[in-house]
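*Asks:* Prediction below, plus the sequence it came from.
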Amino acid sequence: MVPATRAANNIENTAESLQEDLARLELQKRALERELAAVAAHLDSVQRALGALSVLMSDPAGAARSTSTGDAGRVHDVEAVRETSPSFVEEPPVDSTSRSRTPEQQQYGQLTEQIIDFFAHAADSEVRARDVAAALGRDTDSGSINAVRSTLDRLVGTSRIKRAGRGLYRAL
């Protein structure tokens, strides 16, 4: 009877171990899916920005205006980029039956607006990326927090928020 008991015990231990692995792998799968959605959304916004810039670069009248009018033309060109750039243009809502974007991509496509809204209410306080992610309900895994951190860095690059120190962000 001892070998049968040992075998049953081994089977139970193996089953418990596999259950734990299954739960861990399911969490990891969801985190990777969210991270992939964030990357896909970022890729989409970069492609749109490049498209807007290529239109400006191919417009000879805009280039001539920029060289002939000096700074005034450059300011106008920057405003044109801001008006056509995805980071400055409010995107139309995506139809729920649309197959082009997943719900995760739609959620991450709104991340910039959510962060801007957060900083509109944060006043002059210095905030860490992890705190922003927690306030937005996106602190479930490192992929979600990294998506928030990347978006914060992009917003710093476009002068919509400022870096207050290492890992600290503040509204303008």
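*Replies:* Received it, and whenever you're ready, just let me know what you need.
*Asks:* Ramachandran angles for Thr158?
*Replies:* Main-chain dihedrals, Thr158, degrees, to the nearest 10: phi -100, psi 10.
*Asks:* do the same with the one 4 residues further on
*Replies:* In terms of degrees, to the nearest 10, the main-chain angles of Lys162 are phi -130, psi 160.
*Asks:* Contacts only, for it.
*Replies:* Taking C-beta atoms under 8 Å, 6 or more residues apart in numbering, we find Lys162 in contact with Val156, Tyr169, Arg170, Ala171, Leu172. No exception for glycine: its C-beta is placed from N, CA and C like everyone else's.
*Asks:* for Gly143, same thing?
*Replies:* Ala31, Leu32, Arg34, Glu35, Ala38.
*Asks:* any idea of the mean pLDDT for stretch 56-68?
*Replies:* Summarised as a single mean, pLDDT over stretch 56-68 is 59.
*Asks:* May I ask you to name the longest helix in the protein?
*Replies:* Counting residues, the longest helix found in the chain (DSSP state H) is helix 2-58.
*Asks:* which helices and strands sit right next to it?
*Replies:* helix 71-84, helix 103-109, helix 142-157 (3 or more C-beta pairs under 8 Å, 6 or more residues apart in numbering; DSSP states H and E).
*Asks:* Give me the neighbour count for Phe119.
*Replies:* Residues within reach of Phe119, counting by other C-beta atoms under 10 Å, total 21.
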